[in-house]
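Trainee: here is the input, now give the coordinates:
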Amino acid sequence: MTASSQSNKPLHKALSPAQLRELRQIITGYDAHDLDRLNKLIQDPETFSDEISQLLPLSIRKMVQKGDITLDDIQPLLEEALKNSIHNNPHKLADILFPIMMPAIRKAVSEDIKLMLDKVNSTLENSFSPRRIGWRLKSLFSGKSYAEIVLAHAYIYQVKQVFLIHKKTGLLLARVPEEGQDEVADADLVSSMLSAIKDFVQDSFQKDDSELDAINMADFTILIEQGPYAILAAIVEGNPPVELRGKMKESIEGIHINSAYELEHFQGDTTPFQINKSLLQNCVLQEAKPEKKRKPVALIVLAVVLIAALGYWGYHHWNRQSKFNKLLHAYHTTAGVFVSDAGRSGNLFYIKGLADPLAELPTPGSYALDKNQVRLQLMPFVSLDKEIVLKRITRLVKPPSSVQLGIGGDTLYVKGKADKAWIEKLKAYPYLPGVNHLQVMVQKPVSKKPKMRKILAIESQSYVFPYGVDQLDSTQQVSFKKLISDTKDILNFNMQADSVPIIVVRSYTSRKGNLPANERVAHARAMRFIRWMQQAGIPMEMLVPKVKFIEDLDSGNDSVRKVSFKVKYVKRDSL
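Mentor: Take a look at the predicted model:
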């Protein structure tokens, strides 16, 4: 082959593979292996992404340091990417945050439960102390609830100083004093003391994770909240509430968020931590006791007197009104009275209406009311109430005691016993007010003549006893039976009648001789005869013994041992 023919061939065909690799390395600086790796990166996006992911964070950091881009330029891109990721696959982000969020949630719940328990324990520990008993008594007389009294005493405190101390070195990073107060003279000494106490607790109990949370010193309490790299300490005067713990926890968490890098790589420079003073200032809290207000004693006394006066006036007013209401109810229910209006005018009560002259009007005095307090304005009228109509007819016709009058509808009923003259007079009345019909059911009285003959027959009987005889002979026994029969047939021994008959059993004797002895014998004879009549069925109440002396009689031929009878009618009330 000639030289000219070789010059016409392409270069990659003119050179051998070994020469080409050598030439490629001279030009690019990469051998075949490196070039093959670059080719795979270009052809395989996944492999290329893995390589770029290792360089991208460093590149971004370098660009931020040079000022080519700012965090404000990157933030929208990150927010948009995070938003799209959550929208497309929310479960993926949840899986990523699970190892971080779950411990945080558990810690938050644990802290809330601990806060609640601290409140409960704070109340229970003082429930039976003398101080709490005094608070309970105060709540009874002040009108405040027991819970308000407890809160008013339990939350009086004042935070004097707040320190931020580096946990590993024990150096003071920042401090904030109470408003208006100077800072502690040697704050570094305080921080060193707290670190020494913390180390002592850890060494004594041989636990690296022991956390000191409070130190009591006379009237002061040092509250401590520990974070991973720093300790927050607050010097409190008084009784700190559990809410202060919550403020300190929030502050120590915020400090670790703001200065996490500086706390982790602390080399002694405290300047970067001054930005956290606002978080420390949030813990400088205080609550002063409210000024005691003097009770307005005069106003209270005046109010009590006024209430008592109003109460008395109200009771007096109600009592009078109640009495008047009872009086008014009596007028409404009284026969022959019609009430058209009633009420109160000023200090007086009034009742207006109509009243029948025969109506029995209630009096104000019967209801404990002064008659001058009630004004009655009742016009007369004729009432048709049955009770008033019956009373008016009774006054008009004057019925005998044996007659009963009654009203049924517009009919007058007359019952009983009356003579013909009175019945005729009743029927002769041209008009009886309130009555349109008359129904007479009256029996005429029985003639007294047969009855009088029987009485005379009883009074005509007499019994003479011979001397030393106290029994009836056969003839006298027949006469005695006739006496008993006439007595039962004629005489009415009904004790409910207006008048009842009395049979006087008269036993005779003489004044001559021993007068008292004669009188006793005569009385015994009368009583013996009364027993015989009682045994025969005559009521004992209708038999009366009486001793008669023959010297007192007009006829001087009566026997001194005779028994006779006298019938009398007497009023039942006189028995």
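
Trainee: what about residue 355, neighbour count?
Mentor: Using other C-beta atoms under 10 Å, residue 355 has 20 other residues around it. The C-beta positions use only the backbone N, C-alpha and C, and glycine is treated the same way.

Trainee: quick one: stretch 333-345 to chain centroid distance?
Mentor: Offset of stretch 333-345 from its chain centre (C-alpha atoms, centre = their mean, to the nearest Å): 40 Å.

Trainee: give the buried residues for it.
Mentor: 334, 335, 336, 337, 338, 339, 342 (16 or more other C-beta atoms under 10 Å).

Trainee: CA atoms of stretch 342-351 as CSV?
Mentor: What follows is stretch 342-351, C-alpha atoms only, in CSV (Å, rounded to 0.1, in the frame of the first residue of the first chain):
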residue,chain,number,x,y,z
ALA,A,342,-114.3,44.8,95.2
GLY,A,343,-110.8,46.0,95.7
ARG,A,344,-108.5,48.5,97.3
SER,A,345,-108.5,52.2,97.2
GLY,A,346,-105.5,53.8,98.9
ASN,A,347,-105.3,52.3,102.4
LEU,A,348,-109.0,51.2,102.4
PHE,A,349,-110.7,48.1,101.0
TYR,A,350,-114.2,48.4,99.5
ILE,A,351,-117.0,46.0,98.6
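
Trainee: buried residues, the biggest helix by length in the chain. List them.
Mentor: When the chain is parsed with DSSP state H, its longest helix is helix 297-333. Residues of helix 297-333 classed as buried: 320, 323, 324, 327, 328, 331 (neighbour count, 16+ other C-beta under 10 Å).

Trainee: do the same with stretch 523-535
Mentor: Judged by neighbour count using 16+ other C-beta under 10 Å, the buried positions of stretch 523-535 are 525, 526, 528, 529, 530, 532, 533.

Trainee: hang on, the earlier thing: what's downstream of the longest helix of the chain, the next helix or strand?
Mentor: Next helix or strand after helix 297-333 toward the C-terminus (DSSP states H and E): strand 337-345.

Trainee: what packs against that following strand?
Mentor: For strand 337-345, the packing partners by 3 or more C-beta pairs under 8 Å, 6 or more residues apart in numbering; DSSP states H and E come out as helix 297-333, strand 348-355.

Trainee: which helices and strands does the first one pack with?
Mentor: Here helix 297-333 is seen to pack against strand 337-345, strand 348-355 when contacts are counted using 3+ C-beta pairs under 8 Å, 6+ apart.

Trainee: how about 10 Å then?
Mentor: With contacts defined as 3 or more C-beta pairs under 10 Å, 6 or more residues apart in numbering; DSSP states H and E, helix 297-333 has these neighbours: strand 337-345, strand 348-355, strand 374-380.

Trainee: what's the angle between that helix and strand 337-345?
Mentor: Here helix 297-333 points in a direction 160 degrees away from that of strand 337-345 (axes from the mean of the first three to the mean of the last three C-alpha atoms, to 10 degrees).

Trainee: what's the angle between helix 297-333 and strand 374-380?
Mentor: Calculated by the same axes, to 10 degrees, helix 297-333 forms an angle of 20 degrees with strand 374-380.

Trainee: how far is helix 297-333 from where the chain is centred?
Mentor: 25 Å.

Trainee: what average pLDDT does it get?
Mentor: Per-residue pLDDT over helix 297-333 has a mean of 87.

Trainee: repeat that for stretch 251-269.
Mentor: Stretch 251-269 carries an average pLDDT of 84.

Trainee: what comes up buried for that stretch?
Mentor: Buried residues in stretch 251-269, counting neighbours by 16+ other C-beta under 10 Å, are found at 251, 252, 255, 256, 258, 259, 262, 263, 266.

Trainee: likewise for stretch 407-415?
Mentor: Applying 16+ other C-beta under 10 Å to stretch 407-415 flags 407, 412, 414 as buried.

Trainee: also stretch 423-431?
Mentor: In stretch 423-431, counting by 16+ other C-beta under 10 Å, buried: residue 426.

Trainee: same thing with stretch 229-246?
Mentor: 229-238, 240-242, 244-245.

Trainee: kindly report the domain assignment for the protein.
Mentor: As assigned by automatic domain parsing, the chain contains the domains 16-88, 155-287, 298-380, 386-443, 449-574.

Trainee: of all the ones you listed, which one comes closest to residue 136?
Mentor: Among the domains of the chain, domain 155-287 comes nearest to residue 136, with 18.1 Å by C-beta to C-beta.
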